[in-house]
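>>> For reference, the sequence and a predicted model appear below.
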Amino acid sequence: MITLKYILLVILVTPISILINLSVWSSYTMDFLLSLVEDPHPTYNFIVVGAGSAGSVVAGRLAEAGQSVLLIEAGGASPNLIHIPAFCASGQMSGVDWQYKTTQQKGATLNTGGVSNWPRGRVLGGSSMLNYMIYMRGHRDDYNEWKEYGVKGWDYKDVLPYFKKSEGYVGELETEDVEYHGRDGPLKVSPKSFSDPVVDVFLKAGQQMGYKLGDMNGDGQNGSFSYTPASLNNGERTGTFRAFAEKQVGQNLRVLTQAHVTKLILEKDKVKGVQVRRFGKEEIIYTSGEVILSAGSIGTPQILMLSGIGDRTELENLGIRTVLHSPQVGKNLQDHLMASYPFHSPSHLNLDVLAGAKPKNVLDYMSGVGPLTSLGGCGGNAFIHTSVNKEKRPDIQLHFISFTIHSDEGVLLRHVMGTQDQHYDWFARQTPGATIVPTLNRPKSRGYVKLSSKDPLQYPIIEPNYLTEEEDVEALAAGLEFAREMLRTPAFKEINATPYDPFPPCSDKFEFESRDYFKCFARYWTSTIYHPVGTAAMGTVLDSRLRLKGMKNLRVADGSVMPKIVGGNTNAPIIMIGERAADFIIQDWNIRSTAKVHKEAAARTEL
């Protein structure tokens, strides 16, 4: 049935989507016209492929150090609307999204028919322009553990200074958390954004279950509840390009947009440059230093394999000459998987899906406050220990969102998630509420990315192998049990929160909210939380300084370098990887920063 709310939502959401795509088309047209009068490319000191979460950091830092840098991006400038935090879902399935899809899974994400949408940013700023702006680093032992994979120099004590270097924390800090945070970095981080009243209920319930409120990036890593820390600047999404690279454009940094890198230019065991397809033409661009691949956990292995770097048999089957047999390229794919525990809660405590239509909220946003600064409704977070956890690190992260996928009456969210009609109908029969989202911190299941064709414009095969390890199913089921117990706390009882009705495909077979019911429910109502990593990992494909083993002048800096996924949202760790990559390059090439040269010159002048 079409309601007034549905009509209003269509009126609100449709123009947003249209305007985002119009901005993309406008950017493409402008970039094409500018390409007609552009200067030819010189030989650059460094070429960075991908202007995303790590690539923008690398390019900005190298340019800051006085190097000539070319930053290549397949997309264009970011539309203004995707800088509004509350509109984060609208960027997905638009022109700023690569719109990847996985293969069909037999035992996971069944609400979508087993196929997951994998949004990845095709825009300056990359996926930092599509994500939910959650600033989370993971547990200290996630990094300490990497040494078990032959990776040196990536312990927590080694990476913490780089987290702090990039971070411009703007909130108050408890004494025990000061050592974990930086104040002067270009990426502004707030301890919270706008949150709906039901988030306070979630936090109170966490305390009633024995958890403290704490800094999940600081002293609360071993288990705590918190408002969601956010990478926002005065209530606006910044994105890594604006934060790290934009100020260097026109100085030492040149940005090439609408440019698709199709392969690396190799001379024996050395990388000399890249081949780029742009506006129907191909061009080779050279570097006197290195190429840094920051194309993400899908794009980076694809470029490597198209260049003849990968598993020999797989490459030869596609007619690609093997330059370097590196069989782990594209393997070791890992992703955080989330399950949903929707429940009924009073509507006045939940997300107002019509907030963007109210003039007061628009005016508030211009002052950096109000509902439009919400992280897409994800106002609360927690690290918890479930009944099946066997180690001291929390095995589940809880994202708390103050809506369900039916809150917008099917206008946007169900399409972004890809939920099929017969399963969405179960949601539609119930009153919109809020959702506790248990997320698997360290999945055991491993997948892969491999080429579908030697045509660089054909998307690769993405096989995540979700929930192929029973331990993953058990952990998510235990996370759903934790959510069930949260609803039994005084805090949630006080607002009369109740679980959604039994889901027939599972309740027809198992007792409602039993362990077996939740295992079944997890297989249906799981989805990606957009954190693919590991497909060009240190220890196998790369050395510990992010250099490709067996190839000179080639480095990787993005989520693909992680040998094992960290227990938390991956954007902040990927930014940290970008910071480390830039430092490695500066050290390995004996680069003195421009600022240091000027300082030394000034000192000599004074003498």
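The structure has been received and is ready for your questions. Numbering: from 1, shown residues only.

>>> next one: stretch 516-533 to chain centre, how far?
18 Å (C-alpha atoms, centre = their mean, to the nearest Å).

>>> Now F492: closest residue in space that isn't a chain neighbour?
For F492, ignoring the flanking residues on the chain, the nearest one in space by C-beta to C-beta, 6 or more residues apart in numbering is A205 at 5.5 Å. In this view, the C-beta of every residue, glycine as well, is placed from N, C-alpha and C.

>>> ok so that neighbour is a helix residue?
Yes. With DSSP: H, G, I helix; E, B strand; the rest coil as the criterion, A205 is part of a helix.

>>> Compute the number of surrounding residues for it.
26 (other C-beta atoms under 10 Å).

>>> give the contact list for it.
486, 489, 491-492 (C-beta atoms under 8 Å, 6 or more residues apart in numbering).

>>> quick one: which of these sit in strands?
Of the positions in these, not one sits in strands, assigned by DSSP state E.

>>> possible to save those residues as CSV with neighbour count and distance to K509?
Formatted as CSV, these follow (neighbours: other C-beta atoms under 10 Å; distance: C-beta to C-beta, whole Å):
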residue, neighbour count, distance to K509
M486, 24, 25
T489, 18, 29
A491, 19, 32
F492, 23, 27
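
>>> so which two of those residues are the farthest from each other?
Largest separation among the contacts of A205 by C-beta to C-beta: M486 and A491, giving 8.3 Å.

>>> Give me the common contacts of the two.
By C-beta under 8 Å, 6+ apart, the residues touching both M486 and A491 are 202, 205.

>>> State the pLDDT value of T594.
Among the per-residue scores, T594 holds a pLDDT of 54.

>>> Next: E409.
So E409 comes in at 94 (pLDDT).

>>> wait, is it part of a strand?
No. Under three-state DSSP, E409 sits outside any strand and is assigned coil.

>>> so what's it up against?
3, 5-6, 9, 428.

>>> Just give the nearest non-adjacent residue to G299, would you?
Nearest to G299 is G50, by C-beta to C-beta, 6+ apart, at 6.5 Å.

>>> and the gap between that neighbour and Y517?
43 Å (C-beta to C-beta, to the nearest Å).

>>> L318 too?
44 Å.

>>> More neighbours: which of these two?
Counted by other C-beta under 10 Å, L318 and Y517 do not tie: Y517 has more neighbours, with 20 against 15.

>>> how about that one, what does it touch?
If a contact means C-beta under 8 Å, 6+ apart, then Y517 has 502, 506-507, 510-511 as its contacts.

>>> which one of those residues is nearest R547?
Distance to R547 across the contacts of Y517 (C-beta to C-beta) is lowest for C506, with 48.3 Å.

>>> and Q420, how many residues sit next to it?
The local packing of Q420 (other C-beta under 10 Å) involves 15 other residues.

>>> What pLDDT is listed against R237?
For R237, the predicted pLDDT is 97.

>>> my bad, M305
98.

>>> just G296 next, same as before
98.

>>> One more: A483?
Confidence score, pLDDT, at A483: 98.

>>> in a helix, that's where it is, yeah?
Yes. Per three-state DSSP, A483 lies within a helix segment.

>>> residues near it, how many?
24.
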